[in-house]
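K.L.:
Next input, structure requested:
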Amino acid sequence: MKKFIIPFIILLLGLWIACDREIPSDFDLDEFPEAPAPPTNLRIQVGDNVLNLSWEVVNASAIEKYFIYRTNNTQDTLALYDSSTTTAYADEGVQNGIRYLYQVSALSTQDVEGNRSAITSAVPGIFSLTINNDAEYTSSRDVSANPTAPDGTSHIMLSNSEDFASSKWLNYSNSVSWQLTEGDGEKTVYARFKDSEGNQTTESFSDNITLDTRAEIDTFYISGSETDFEPGDKVHFVMDAGETGGSATVEISDVVTLNLFDNGSNGDAIAGNGVYEFDYIIPPNTEVLNSSVTASFTDRADNQAPQYILPELIQIASPPEAPELSAVGSKEDQIELAWISSPIPDFKRYRIYRSESSTVDESSELVTTVTDQNSESYTDEELDPNTRYYYRLFIYDNSGLSAGSNTVNRNTSANVDPMPVSLAMEVRDSVTFRLTWTQNNDTDFESYRIYRSTSSGVSNSPEDLLVIENSQGATTFTDDAVEFGNTYYYKVYVFDRFGASSGSNEVFAPK
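P.N.:
Reported below is the predicted structural model:
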């Protein structure tokens with residue numbers, strides 16, 4: 001506005017000369033308005049497609065507004081760009097990566113514009129901050145701050161609090177070591193940036209990360225109380241780790257390592273509750289004795305919990321394959337059984353069970369226990385004649401597992417009377433008689449019974465019974481309990497164990 005003052009004075013002088021009038025003696029050129037001083041301390045805060053300007057003036061109440069001069073070419077003269085009624089201005093018409101130069105002048109309330117400020121420049125750009133390359137969790141308080149800033153950024157300030165209390169400027173780097181505050185939980189790290197010209201960012205930038213320094217297995221168990229399993233069984237594992245997002249495994253020693261789940265699948269009841277579960281179907285032909293079960297857990301921050309080992313050892317064994325059983329022969333008091341011996345390496349015993357009904361199991365009558373693995377036959381004796389019997393062979397291994405064979409049945413033969421013996425007598429003297437007879441070889445032999453009578457027609461009535469001989473090989477008897485002058489008649493009856501009998505020929509001793 002100063003360029004208008006001098007022409008105005010000349011105009012007044014011309015009017016005075018033309019009118020032949022004098023200028024009033026009280027007119028003072030010093031009363032013309034002065035131009036305001038140029039703004040000082042022009043600062044620029046940089047941001048994403050924005051530059052925030054601020055400045056200072058001596059007497060803001062005497063300023064009507066401020067003129068903003070700008071150029072984006074260092075070779076050009078700065079041109080009037082915009083104005084502001086405050087000592088701050090946000091230029092949102094800038095592009096990232098381009099340097100902009102600014103000057104600010106003040107216009108007084110008397111419409112006099114003062115000189116411009118010193119030139120200040122800045123380059124807008126994108127700023128950001130991530131912790132540990134944007135990881136969600138960390139197990140250590142010592143982390144890496146990973147800032148992103150435009151070229152020309154010279155310093156960074158980091159803080160664990162939003163007010164940046166006691167924080168200092170550090171040389172800019174795309175990886176800055178930083179330490180989080182103590183205590184597990186979500187942490188926020190804040191950053192500010194400054195370029196080589198001293199321009200700071202318009203705002204602070206931050207990133208969150210969760211500090212998690214420990215992992216634990218609260219509980220671990222196998223659902224149910226059994227520790228003995230067979231192939232095909234379902235084993236349900238449950239691990240309560242108290243936190244989600246981790247990795248849970250179970251190792252059955254010498255068998256398999258399994259993953260547990262917290263996503264509502266594979267036997268997991270509820271997704272995302274920190275309880276990891278799995279339904280394991282034991283594959284065929286899986287066998288292990290005294291196997292330990294160990295649970296491991298690594299949480300989302302890569303902390304490893306102390307392993308949890310079940311106090312009980314488990315067994316997984318396949319039941320042995322039972323041999324095919326056959327009933328190959330029978331007699332009136334016995335049935336012969338046969339099978340092919342089992343080749344299993346952990347053989348313990350065979351057991352044969354018998355019943356007179358078609359249902360035969362391990363609660364039926366135990367006939368015998370065979371510990372010789374190579375045995376392939378057994379004869380069941382002392383049976384009742386003309387009776388049907390049912391059999392099963394059970395095989396047992398060292399783990400206690402068993403399997404039963406097919407059921408076989410067979411009738412014993414009907415009982416036949418014993419083969420009679422032939423009796424002879426030798427008179428030693430008048431009161432001593434010696435009896436001899438042929439031997440009976442029947443398998444169901446029970447006894448020889450010698451009967452005596454003083455009359456012919458000796459029967460096997462109890463009153464005529466003289467003696468019972470239980471030894472099948474005995475074939476003589478001496479009767480010295482007779483009275484002189486009597487005639488004695490004798491017969492030998494063979495009895496089998498079913499009560500059937502056959503009598504020999506009759507002999508007698510004369511008077």
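
K.L.:
tell me what the helix or strand harbouring residue 495 is packed against?
P.N.:
In this assignment (DSSP states H and E), residue 495 forms part of strand 488-496. Where contact means 3 or more CB pairs under 8 Å, 6 or more residues apart in numbering; DSSP states H and E, strand 488-496 is packed against strand 423-429, strand 432-437, strand 445-453, strand 501-503, strand 507-509. C-beta here means a position set from N, CA and C on the backbone, and glycine is covered the same way.

K.L.:
redo that, cut-off 6 Å
P.N.:
Contacts defined by 3 or more CB pairs under 6 Å, 6 or more residues apart in numbering; DSSP states H and E place strand 488-496 against strand 445-453, strand 501-503, strand 507-509.

K.L.:
May I see the buried residues of the first one?
P.N.:
Of the residues in strand 445-453, 445-453 count as buried by neighbour count, 16 or more other CB atoms under 10 Å.

K.L.:
Pairing partners for that strand, with directions?
P.N.:
strand 465-469 (antiparallel), strand 488-496 (antiparallel) (DSSP bridges).

K.L.:
Name the surrounding residues that touch the shortest one.
P.N.:
Counting contacts by CB atoms under 6 Å, 6 or more residues apart in numbering, the residues outside strand 465-469 that touch it are 447-452.

K.L.:
For residue 60, find the nearest of the strands paired with strand 445-453.
P.N.:
Closest of the strands paired with strand 445-453 to residue 60 is strand 488-496, at 138.5 Å (criterion: CB to CB).

K.L.:
tell me the mean pLDDT for that closest one?
P.N.:
For strand 488-496, mean pLDDT is 95.

K.L.:
circling back: I'd like to know which of the helices and strands packed on strand 488-496 is closest to residue 129.
P.N.:
Closest to residue 129 of these is strand 445-453 (CB to CB; 105.8 Å).

K.L.:
what's near enough to touch residue 454?
P.N.:
The contact partners of residue 454, taken as CB under 6 Å, 6+ apart, are residue 486.

K.L.:
Check the one 4 residues further on too.
P.N.:
Contact criterion CB under 6 Å, 6+ apart gives 451, 464, 489, 491, 506 as the residues in contact with residue 458.

K.L.:
Look up the residues forming beta bridges with the third one.
P.N.:
The one in question is residue 489. On the basis of DSSP bridges, residue 489 is bridged to residue 453, residue 508.

K.L.:
Other residues contacting the strand holding residue 495?
P.N.:
Residues contacting strand 488-496 (CB under 6 Å, 6+ apart): 418, 421, 423, 435, 437, 440, 444, 446-453, 456, 458, 460, 482, 501-504, 506-509.

K.L.:
roughly how far is that strand from the heart of the chain?
P.N.:
Distance, stretch centre to chain centre, for strand 488-496: 82 Å (CA atoms, centre = their mean, to the nearest Å).

K.L.:
in what helix or strand does the nearest residue to residue 266 once chain neighbours are set aside lie?
P.N.:
The shortest distance from residue 266 to any non-neighbouring residue, by CB to CB, 6 or more residues apart in numbering, is to residue 278 (5.4 Å). Assessed by DSSP H and E, residue 278 sits inside strand 275-281.

K.L.:
name the helices or strands packed onto that strand?
P.N.:
strand 234-240, strand 256-260.

K.L.:
Contacts for the helix or strand where residue 178 lies next, please.
P.N.:
Assigned by DSSP H and E, residue 178 belongs to strand 176-179. Here strand 176-179 makes contact (CB under 6 Å, 6+ apart) with 141-143, 145, 158.

K.L.:
Can you list the strands that that strand pairs with?
P.N.:
strand 142-148 (antiparallel).

K.L.:
Going along the chain from the partner strand, find the next helix or strand for me.
P.N.:
In N-to-C order, the element after strand 142-148 by DSSP H and E is strand 153-159.

K.L.:
okay but residue 328 is in contact with residue 339, surely?
P.N.:
No: here residue 328 does not reach residue 339: they are 9.9 Å apart, not a contact under CB atoms under 6 Å.

K.L.:
Who has more neighbours out of those two?
P.N.:
residue 339 (22 against 14; other CB atoms under 10 Å).

K.L.:
so what's that one up against?
P.N.:
323, 325, 376, 393.

K.L.:
what's the span of stretch 486-500, first residue to last?
P.N.:
With CA to CA, to the nearest Å as the measure, the first residue of stretch 486-500 is 31 Å from its last.

K.L.:
Which of the residues in it are classified as buried?
P.N.:
488-498, 500.

K.L.:
Show me the chain divided up by domain.
P.N.:
With domains defined by automatic domain parsing, the chain comprises 2-27, 40-122, 128-211, 219-316, 325-411, 423-509.

K.L.:
Mind putting those domains into CSV with distance to residue 34?
P.N.:
Formatted as CSV, the domains of the chain follow (distance: least, CB to CB, whole Å):
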stretch, distance to residue 34
domain 2-27, 10
domain 40-122, 7
domain 128-211, 32
domain 219-316, 67
domain 325-411, 110
domain 423-509, 149
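
K.L.:
Of all these, which one is nearest residue 33?
P.N.:
domain 40-122 (3.9 Å).

K.L.:
Can you get me the start-to-end distance on the closest one?
P.N.:
End-to-end distance (CA to CA), domain 40-122: 17 Å.

K.L.:
what about it, distance to the chain center?
P.N.:
In terms of CA atoms, centre = their mean, the centre of domain 40-122 is found 65 Å from the chain centre.

K.L.:
bridging residues for residue 370?
P.N.:
Here residue 370, judged by DSSP bridges, has bridge partners residue 350.

K.L.:
isn't it right up against residue 351?
P.N.:
No: using CB under 6 Å, residue 370 is not in contact with residue 351; the gap is 7.5 Å.
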